[in-house]
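S.K.: Sequence below, structure please.
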Amino acid sequence: MPVQTRSRRLATATRWPLGVLLTAWRYLWRTTPLYRSEEEGSVQRDAPPALPDGVDRTRLQAPGDGAGPLYHRRYEVTIRAGRVSPAELLDLVAADPDRVAPSEFATFKKTRGQDGAMAVGDEYLVRMPGPWDGPVRVVERTEGRFRLATLEGHLEAGQIAFSAEPRDGRVVFSIESWARGGDRLSNLLYDRLRFSKEVQFHMWTSFLERVVKLSGGVRDGGLRIDTRRLSTLYDAAPNFEPSALAGVVAGSGWNIDDYRQPLPPEAPGSPQPGGTWERARELMEAYEFADPRIVRAIYAPDSPLEGRDMLLEVRFWGLRFHFGVRASGVVDEVQEHEGRPVRVWGWSYRTLQGHLEMGQMDYAVWKWLDDGAVEFRIHVVSRPARIPNRLIRLGFRLFGRGQQIRFARRACQRMAEAAIPRGPSS
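M.R.: Purely as a prediction, here's the structure:
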């Protein structure tokens, strides 16, 4: 971290306790109703929006450059009897964001662009008594909306959008952000020390209250604040080079395992509705073949299988470990093996950074079309990853390989027990 940046952040930190005290004081006297919700997010719903074409991307600090979870937050207020239209209200805010910023928490200073207007490419320096002050650039400006992106040196990495829109004869003003800590220190202050998170929360809710006054109207109901926390998997990369799997052979340092589990057969021909093959496919897609006493998968149920991020909770001797994997390689086709036609459906996942292993697991259900035989297959190519912690490294060397084999064998057993046809299969 550059010395100048470190000095600025240390100076900011000295102002942070004052912001915390002001927040606590304001909380004691606040009468505005607040409706808050917080839940786990998903990549498909909560990843930051793409930047518009033609936007200057130099010095931008994207979420992928940050650390820790990504928070997708939306602050919203409904205004009635306002004297200006939604577009006019946003123009007033955009012309001088500092007029609605609570001065005890933040000030907006334009460092690039003309005063009295906002345009794409303009830059501001936002000063706050906490770990969120820093430079931003305007990346979108349309009627009723503007969006800012963080620049290098900001203590967050992400984007924030301000919008005003008509709804049932009223004006809805919202602030929507997609951000994570700019580095590990910032993530510690935000995600671990709850005071800093509350300073930011109070800053933006105060901002909304000032927007209501600027509109000349009155607040209709309370303020709504919805938070969705997205795990760090959303930008995690595999912990190995996928090309290393090409041409892997036994004795090359990789473990290669193949498992085949016969399932109840069907009549020859295409898979039958409600039959073994379809049932096995359902279990595979939902990861229900895994024994939850060994491994449990956490993921967004509405996420497509291709590209799905899953957090695997591995249980061993009362301990729980969490590892990330990403699904890919979904296959659904008729193939030919040894001169016989077979319908194959399956998918793979690769291990992500932080996993104790590196490699890929392939899961597939096969139906031989000539005689109706059905089987569940697992193909594994793996090797231990680099494990910095000596104790965990020793434990994995002693028990890791055995647990991996136990998981695969138990998965085959569960599939055989659960892939029972739901309808006629003869």
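
S.K.: and the longest strand anywhere in the chain, what other elements does it pack with?
M.R.: Counting by DSSP state E, the longest strand found in the chain is strand 319-337. Where contact means 3 or more C-beta pairs under 8 Å, 6 or more residues apart in numbering; DSSP states H and E, strand 319-337 is packed against strand 309-316, strand 340-351, strand 357-368. In this view, the C-beta of every residue, glycine as well, is placed from N, C-alpha and C.

S.K.: let's see it at 7 Å
M.R.: Judged by 3 or more C-beta pairs under 7 Å, 6 or more residues apart in numbering; DSSP states H and E, strand 319-337 is in contact with strand 309-316, strand 340-351.

S.K.: Contacts only, for the nearest residue to Pro48 once chain neighbours are set aside.
M.R.: With sequence-adjacent residues excluded and distances taken as C-beta to C-beta, 6 or more residues apart in numbering, Pro48 is closest to Trp178, at 3.8 Å. Taking C-beta atoms under 7 Å, 6 or more residues apart in numbering, we find Trp178 in contact with Pro48, Pro63, Leu70, His72, Gly158, Gln159.

S.K.: who's in contact with the second one?
M.R.: This points to Pro63. Here Pro63 is in contact with Pro48, Leu70, Ala157, Gly158, Trp178, Arg180, Asp235 (C-beta under 7 Å, 6+ apart).

S.K.: Let's see that with 10 Å instead.
M.R.: 47-48, 70, 149-150, 156-159, 178-182, 230, 234-235 (C-beta atoms under 10 Å, 6 or more residues apart in numbering).

S.K.: Please report phi then psi for it.
M.R.: phi -50, psi -30 (degrees, to the nearest 10).

S.K.: So Ala408 sits against Arg401, correct?
M.R.: No - if you go by C-beta atoms under 10 Å, Ala408 and Arg401 don't touch, sitting 11.2 Å apart.

S.K.: neighbour count winner among these two?
M.R.: Between Ala408 and Arg401, counted using other C-beta atoms under 10 Å, Ala408 has the larger neighbour count: 20 against 14.

S.K.: Check which helices and strands the helix or strand containing that one sits against.
M.R.: In this assignment (DSSP states H and E), Ala408 forms part of helix 390-418. Applying 3 or more C-beta pairs under 10 Å, 6 or more residues apart in numbering; DSSP states H and E, we find helix 390-418 packed against strand 255-263, helix 276-285, strand 295-298, strand 309-316, strand 319-337, strand 357-368, strand 374-384.

S.K.: Need the helices and strands packed on strand 319-337 in TSV (columns: mean pLDDT, distance to Met128 and mean neighbour count).
M.R.: Output for the helices and strands packed on strand 319-337, formatted as TSV (pLDDT from 0 to 100; distance: least, C-beta to C-beta, whole Å; neighbours: other C-beta atoms under 10 Å):
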stretch	mean pLDDT	distance to Met128	mean neighbour count
strand 309-316	86	32	18
strand 340-351	96	39	18
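
S.K.: I'd like those laid out as a markdown table, including distance to Thr32.
M.R.: As requested, the helices and strands packed on strand 319-337 are exported to a markdown table (distance: least, C-beta to C-beta, whole Å):
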| stretch | distance to Thr32 |
| --- | --- |
| strand 309-316 | 36 |
| strand 340-351 | 46 |
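
S.K.: mind checking which of these is nearest Thr142?
M.R.: Closest approach to Thr142 among the helices and strands packed on strand 319-337 is made by strand 309-316 (31.4 Å; C-beta to C-beta).

S.K.: And the pLDDT for the spatially most central residue of the chain?
M.R.: Geometric centre of the chain, nearest residue: Leu230, 3.4 Å, by C-alpha atoms, centre = their mean. Note on Leu230: pLDDT of 81.

S.K.: what about Pro52, distance to Val120?
M.R.: Between Pro52 and Val120 the distance is 8 Å, computed by C-beta to C-beta, to the nearest Å.

S.K.: Between those two, which is the more surrounded one?
M.R.: Val120 (17 against 12).

S.K.: Make sure Ala106 is actually in contact with Trp204.
M.R.: Yes - taking contacts as C-beta under 10 Å, Ala106 lies within contact range of Trp204: 9.2 Å.

S.K.: Who has more neighbours out of those two?
M.R.: Ala106 (23 against 20).

S.K.: Just give the closest residue to that one, not the sequence neighbours.
M.R.: Once flanking residues are discounted, Ala106 sits nearest to Met128: 4.5 Å by C-beta to C-beta, 6+ apart.

S.K.: Arg57 now?
M.R.: Using C-beta to C-beta, 6+ apart and skipping the chain neighbours, the partner closest in space to Arg57 is Leu51 (6.9 Å).

S.K.: any shared contact partners between Pro52 and Val120?
M.R.: Taking C-beta under 10 Å, 6+ apart as the contact rule, Pro52 and Val120 both touch Val139, Glu140, Arg141, Thr142, Arg147.

S.K.: Please flag which of these sit within strands.
M.R.: Those of those mapping onto strands are Val139, Glu140, Arg141, Thr142, Arg147, per DSSP E.

S.K.: still on that earlier bit, nearest to Arg414, of the helices and strands packed on helix 390-418?
M.R.: Arg414 sits nearest to helix 276-285 of all the helices and strands packed on helix 390-418, at 8.2 Å, using C-beta to C-beta.

S.K.: For that closest one, the averaged confidence score.
M.R.: For helix 276-285, the mean per-residue pLDDT is 96.

S.K.: what's the answer for stretch 364-380, then?
M.R.: Stretch 364-380 shows a mean pLDDT of 97.

S.K.: Do a quick rundown of the strands in the stretch 1-150 of the chain.
M.R.: Assigned by DSSP state E, counting those that start in this stretch, the strands in the stretch 1-150 of the chain fall at 34-40, 67-80, 107-112, 123-127, 134-142, 145-150.

S.K.: Switch those over to JSON lines; also include mean neighbour count, distance to His355 and mean pLDDT.
M.R.: Below are these laid out as JSON lines (neighbours: other C-beta atoms under 10 Å; distance: least, C-beta to C-beta, whole Å; pLDDT from 0 to 100):
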{"stretch": "strand 34-40", "mean neighbour count": "11", "distance to His355": "20", "mean pLDDT": "87"}
{"stretch": "strand 67-80", "mean neighbour count": "20", "distance to His355": "18", "mean pLDDT": "90"}
{"stretch": "strand 107-112", "mean neighbour count": "14", "distance to His355": "42", "mean pLDDT": "91"}
{"stretch": "strand 123-127", "mean neighbour count": "19", "distance to His355": "37", "mean pLDDT": "90"}
{"stretch": "strand 134-142", "mean neighbour count": "20", "distance to His355": "33", "mean pLDDT": "95"}
{"stretch": "strand 145-150", "mean neighbour count": "24", "distance to His355": "29", "mean pLDDT": "96"}
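
S.K.: All good on my end, thank you.
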